[in-house]
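Give me the fold of what follows.
(one chain, ligands or ions: 1)
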Amino acid sequence: LLKETETTEPQTGSIRDDITVKEGDSVLLYLAPRKSWLVKAGDADLHTHAGIINLKKIIGMKFGQSVESSLGRNLTLLRPRLPDKIMRIQRLTQIVYPKDMGLISALTGLGNGDIVVECGTGSGALTIFLANAVSPTGRVYTFESRRDFAELAAKNIRKAGLEHIVELNVEDFSRKEKFPFKADVAVVDVGDPWTIVPQMRRALKGSGFLVGICPTFNQAEKLVTTLEGNEFVDIGTYEVILRPIDAREGRTRPSTRMVIAHSAFLTFARKST
Ligand SMILES: C[S@@+](CC[C@H](N)C(=O)[O-])C[C@H]1O[C@@H](n2cnc3c(N)ncnc32)[C@H](O)[C@@H]1O
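Here you go, the predicted structure:
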């Protein structure tokens with residue numbers, strides 16, 4: 001745990017040069033807040049309101065450097081991280097936002113090796129987050145009743161490079177009787193989550209977490225009542241409010257607009273046996 005450096009000699013050895021942009025690399029071209037583009041180095045020119053960006057020119061540059069557009073605007077080359085990809089997936093449904101993913105991960109302690117069962121794959125945004133969290137040895141069993149949504153989610157999960165962690169079932173979860181796994185965490189993001197509480201009980205290990213994502217108070221209330229009637233304990237419902245602050249010298253204050261004023265209430269519960 002403690003690393004003591006005994007010498008002041010410069011450290012030698014090979015440090016992997018992974019900061020140079022190579023052909024085919026994903027690059028986030030950052031201009032300003034909410035003005036960025038996810039591109040592939042070497043692709044055709046990108047046309048934006050800030051001018052044209054030559055994507056061949058960025059090959060060989062370093063992440064963190066800036067490229068100049070035809071209109072003289074500087075865009076910083078950022079290496080995309082998971083949220084950059086999740087927020088840009090193709091969507092056919094409402095998706096779960098990073099602020100809510102954060103609390104799900106923090107309160108369940110989600111990590112490598114966990115088995116997760118998810119009902120309501122939708123566009124696959126949360127599935128991608130969950131799969132990344134349980135990588136490389138965990139697994140996410142996700143269920144989506146609509147084939148068209150499942151096909152899009154599969155495409156998004158593949159694009160994120162997490163298909164080896166996910167089993168995507170095109171199936172109505174409420175009809176599911178048996179499960180070939182026992183999950184550490186169950187996540188439910190459907191309009192009527194209380195209808196699948198008995199199935200989730202069967203899919204979960206004793207003491208496993210159930211997390212319900214409900215946009216309205218009514219849904220959250222009905223879910224909590226059902227969880228209480230199905231021997232779940234340690235039940236709590238929360239809302240994550242993310243308030244942006246305009247930080248400027250001498251006049252820092254909350255922004256006048258909130259981009260996401262409300263997304264969902266998150267209910268957490270644990271299975272007692
Ligand atoms: C709000 S979306 C989920 C969005 C997803 N969490 C995301 O981040 O992309 C809800 C999805 O649940 C699916 N669904 C609803 N009831 C279901 C059930 N009983 N079994 C499987 N999928 C269901 C719907 O078709 C819809 O795609």
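
which residues sit in contact with Asp100?
Going by Cβ atoms under 8 Å, 6 or more residues apart in numbering, Asp100 touches 213, 240, 263-264, 266. C-beta coordinates here come from the backbone N, C-alpha and C atoms, glycine included.

Give me the longest strand you can find in this structure.
strand 204-214 (DSSP state E).

And that one, how far out from the chain middle?
18 Å (Cα atoms, centre = their mean, to the nearest Å).

What are the contacting residues of it?
96, 100, 104, 107-108, 117, 126, 182-189, 193, 197, 200, 220, 223, 227, 232, 264-273.

For it, the averaged confidence score.
The average pLDDT for strand 204-214 rounds to 98.

any residue of that strand up close to the ligand?
No. With Cβ under 6 Å from any ligand atom as the criterion, the ligand is not reached by strand 204-214; the gap is at least 6.8 Å.

Mind listing the strands that strand pairs with, and their directions?
Here strand 204-214 is paired, per DSSP bridges, with strand 183-188 (parallel), strand 265-271 (antiparallel).

Check whether Lys62 really touches Val27, as I assumed.
No. Counting by Cβ atoms under 8 Å, Lys62 does not reach Val27; the two are 11.1 Å apart.

Which one's more surrounded, the two?
Val27 (25 against 11; other Cβ atoms under 10 Å).

what's the closest of the strands paired with strand 204-214 to the ligand?
Taking Cβ to the nearest ligand atom as the criterion, strand 183-188 is the member of the strands paired with strand 204-214 that comes nearest to the ligand, at 7.8 Å.

is the closest one up against the ligand anywhere?
No. Figure legend: strand 183-188 not in contact with the ligand (Cβ under 6 Å from any ligand atom); closest approach 7.8 Å.

Quick one: low-confidence residue ranges for the chain.
Counting by pLDDT under 70, the ranges of the chain that qualify are 7-18.

Just give me the residue right at the centre of it.
In the chain, the centroid-proximal residue (Cα atoms, centre = their mean) is Phe129; its distance is 3.4 Å.

how far away is Arg73 from Leu29?
As defined by Cβ to Cβ, to the nearest Å, Arg73 lies at a distance of 10 Å from Leu29.

Equivalent analysis for Thr237, please.
40 Å.

between the two, which one's more packed in?
Leu29 (22 against 16).

List the contacts of that one.
36-39, 46, 53, 67, 75-78.

so it is in which element?
strand 26-32 (DSSP states H and E).

Can you list the strands that that strand pairs with?
In the sheet, strand 26-32 lines up against strand 35-40 (antiparallel), strand 74-78 (antiparallel) (DSSP bridges).
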